[in-house]
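Enquirer: Need the 3D shape of this:
(2 chains)
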Amino acid sequence: METLGSLLLIALGAALIHNFVLSYFVGICPFIGVSRRVDLAFSMGCAVTFVVCVAATLSWTLTTFLLKPFGLGILTYISYIVVIAASVQFVELYIRKAHPPLYKSFGVYLPLITTNCAILFTCLEISKNTLLVSSAEAWGLHQALALALGGGAGFTLAIVLMSGLRQELEFCDVPKAFQGIPIVLIVAGVLALAFMGFTGSDQGLANAFRAGEVQVSALAEGVTP
Amino acid sequence: MTLLLSGGLMLGLGSGVALLLGWADRAFRVRVDMRIRKVLELLPGANCGGCGYTGCGEYAEAVAKGESPADQCPVGGPRTADAVARCLGLASEAAFPRKAILHCNTRNETRQRQASYAGAPHCLTAHLVAGVQDCVYGCLGFGDCAKACPFDALILENGVAHINYAHCTGCGACAEVCPRSLLEIIPFKGDSMPVVSCANPDKGPDVRGVCSHGCIGCRACPRKLDCFKMNDSLARIDYSLFNPATDEQGLAAAELCCPMNGIRRAGKPGRNDE
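Expert: Prediction:
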């Protein structure tokens, strides 16, 4: 299972097929709050991707080396929150000292997404795949990171798409009752419907990857003798 | 057993994290000017950008560094300026509250138009189309300014913005969005300030052709009061020369002699205000 194909499948799945925002509806507050302008939305997406990767690494380590060996599955939520909040705080302190310009453009987003539901969701998804399965099937760090990167990219994609739509929406004649957040939620719903088109394609992709692997291994066998 | 283990783990995790953050706070400390925080506490925190900086934080930094005077905050007005100046040990100058005025006096019933406009109801888009308002300098009446006002001080009434001077803080958000630059932020030296309610610099006959009450450039008002200046064929008030204590008589004379009834009082209701 530990092939490039399976990693790609996890990342693609998190980015498109099970998009955090548009199919699990996590991370809605930054999605609605910071999607007014494309550039700000992109910064927000990058910040979320970064924090998700940090959180995934830490929660995977915590789960694999502490929670699983001692059978402390009940502690997932509370320990994740402690670790993520602390690490984000640490990163913020470090950036403020070492890279002031970066802190100015990026630091404001960090406290906003400290224990955002999208981040906690990624950690719980990772814990589901390490804690609740046998050791042979448990995810490695690379799989956890693939999920985090894919999920972050999917979030960035969703929020940038949304901010582009909202910039166009500024010039539309929206009925009074729908002005502001209501029309944004409706647009988000339509966007989510569009993303439903990806549903089920993960199975097809998995089959395609498996077929590809079989072909590659057959070729390799064919070449070696 | 699980109870002990989980308690121990959380305790260990918590203290580990606390130690790490405590160390990081010490190691990565950034020295910040205490005065910046003090000034920031005195500012209103509306982050409206009326001072010309992106937010209260940046303005506080600029004031503390001495790059900007202490009286630039339009929302806080003189009281804040005074408090900030005292906090930094600067001499406080008398600052007038700054408020917006509108340089057009058209109404729905007086607005002359050649075409009916059915596009997006924004001044910004209507400004691009000819014929929405015959006077190409005049108020379009879609209320972009009212929508931009963060303090609900502008109300669109009868196709023109009315300014509620009790709410106006002079942040300039309205002046920024008006595509015809009809709004100006001026120092309110008295309860009410005179306004030339026209922005059309064309010659008299041209103005008469598109508007029943625009400034025709007759040069009557500068003869009555010095602070009126002619700008091509348009009268304007130089507010730095205006002194409400001594100019009242001259102002009343100027108001009376204006053939177009175009000098209004903004602030308290004046003679030409309905």
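
Enquirer: pLDDT wise, what is residue A:62 at?
Expert: Model confidence at residue A:62, given as pLDDT, is 91.

Enquirer: Verify the contact between it and residue A:83 for me.
Expert: Yes. Checked against C-beta atoms under 8 Å, the pair residue A:62 and residue A:83 is within contact range at 6.0 Å. Placement of C-beta: from N, CA and C, glycine included.

Enquirer: which one of these two has more residues nearby?
Expert: Higher neighbour count among residue A:62 and residue A:83: residue A:62, with 24 against 21, using other C-beta atoms under 10 Å in any protein chain shown.

Enquirer: List the contacts of the more buried one.
Expert: Going by C-beta atoms under 8 Å, 6 or more residues apart in numbering or on different chains, residue A:62 touches A:79-80, A:83.

Enquirer: May I ask which helix or strand encompasses residue 5?
Expert: In the absence of a named chain, chain A is used. Taking DSSP states H and E as the definition, one finds residue A:5 inside helix A:4-12.

Enquirer: Chain B was what I was after
Expert: Assigned by DSSP H and E, residue B:5 falls in helix B:2-27.

Enquirer: Packing partners of the strand or helix carrying residue B:41?
Expert: Assessed by DSSP H and E, residue B:41 sits inside helix B:34-42. Counting contacts by 3 or more C-beta pairs under 8 Å, 6 or more residues apart in numbering or on different chains; DSSP states H and E, helix B:34-42 is packed against helix B:56-64, helix B:77-88.

Enquirer: Please convert these to a markdown table, extending it with mean pLDDT and distance to chain A.
Expert: Below are these laid out as a markdown table (pLDDT from 0 to 100; distance: least, C-beta to the nearest C-beta, whole Å):
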| stretch | mean pLDDT | distance to chain A |
| --- | --- | --- |
| helix B:56-64 | 85 | 10 |
| helix B:77-88 | 82 | 23 |
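
Enquirer: Kindly reformat those as a markdown table containing mean neighbour count.
Expert: Shown next, in a markdown table, are those (neighbours: other C-beta atoms under 10 Å in any protein chain shown):
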| stretch | mean neighbour count |
| --- | --- |
| helix B:56-64 | 22 |
| helix B:77-88 | 18 |
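
Enquirer: need the contact list for the spatially most central residue of chain A.
Expert: Closest to where the C-alpha atoms of chain A average out (C-alpha atoms, centre = their mean) is residue A:151, at 2.2 Å. Residue A:151 makes contacts with A:14-15, A:20, A:52, A:118, A:122, as judged by C-beta under 8 Å, 6+ apart.

Enquirer: now swap in residue B:250 and tell me
Expert: By C-beta under 8 Å, 6+ apart, the contact set of residue B:250 is B:224-226.

Enquirer: Please list only the buried members of those.
Expert: Neighbour counting with 16 or more other C-beta atoms under 10 Å in any protein chain shown marks B:224-225 as buried within these.

Enquirer: Got the domain ranges for chain B?
Expert: B:34-88, B:98-266 (automatic domain parsing).

Enquirer: By mean pLDDT, which helix or strand of the chain comes out lowest?
Expert: Just so you know, I chose chain A. Lowest mean confidence among the helices and strands of chain A (mean pLDDT, DSSP states H and E): helix A:109-112, at a mean of 70.

Enquirer: that's the other chain; I wanted chain B
Expert: helix B:77-88 (a mean of 82).

Enquirer: Quick check: which helices or strands does that helix pack against?
Expert: So helix B:77-88, by 3+ C-beta pairs under 8 Å, 6+ apart, packs with helix B:34-42, helix B:56-64.

Enquirer: Could you export the first one as CSV, CA atoms only?
Expert: What follows is helix B:34-42 as a C-alpha-only set of coordinates in CSV (Å, rounded to 0.1, in the frame of the first residue of the first chain):
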residue,chain,number,x,y,z
MET,B,34,5.6,50.8,25.4
ARG,B,35,4.3,54.1,24.1
ILE,B,36,2.9,52.4,21.0
ARG,B,37,0.7,50.2,23.2
LYS,B,38,-0.4,53.2,25.3
VAL,B,39,-1.3,55.3,22.3
LEU,B,40,-3.1,52.3,20.8
GLU,B,41,-5.2,52.0,24.0
LEU,B,42,-6.2,55.7,23.6
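
Enquirer: shaky segments in chain A?
Expert: A:1-2, A:105-108, A:112, A:115, A:223-225 (pLDDT under 70).

Enquirer: Return the residues of it in contact with chain B.
Expert: Residues of chain A lying close to chain B (C-beta under 8 Å from any C-beta of the partner chain) are A:66, A:70-72, A:74-75, A:78-79, A:82-83, A:86, A:89-90, A:93-94, A:96-98, A:100, A:171-173.

Enquirer: Would you mind giving me the ChimeraX syntax to select the buried ones in those residues?
Expert: For the buried members of the residues of chain A next to chain B, the matching ChimeraX selection, counting by 16+ other C-beta under 10 Å, is:
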select /A:66,72,75,79,82,83,86,89,90,93,96
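
Enquirer: which ones among the residues of chain A next to chain B are found in helices?
Expert: A:78-79, A:82-83, A:86, A:89-90, A:93-94, A:96-98, A:100 (DSSP state H).
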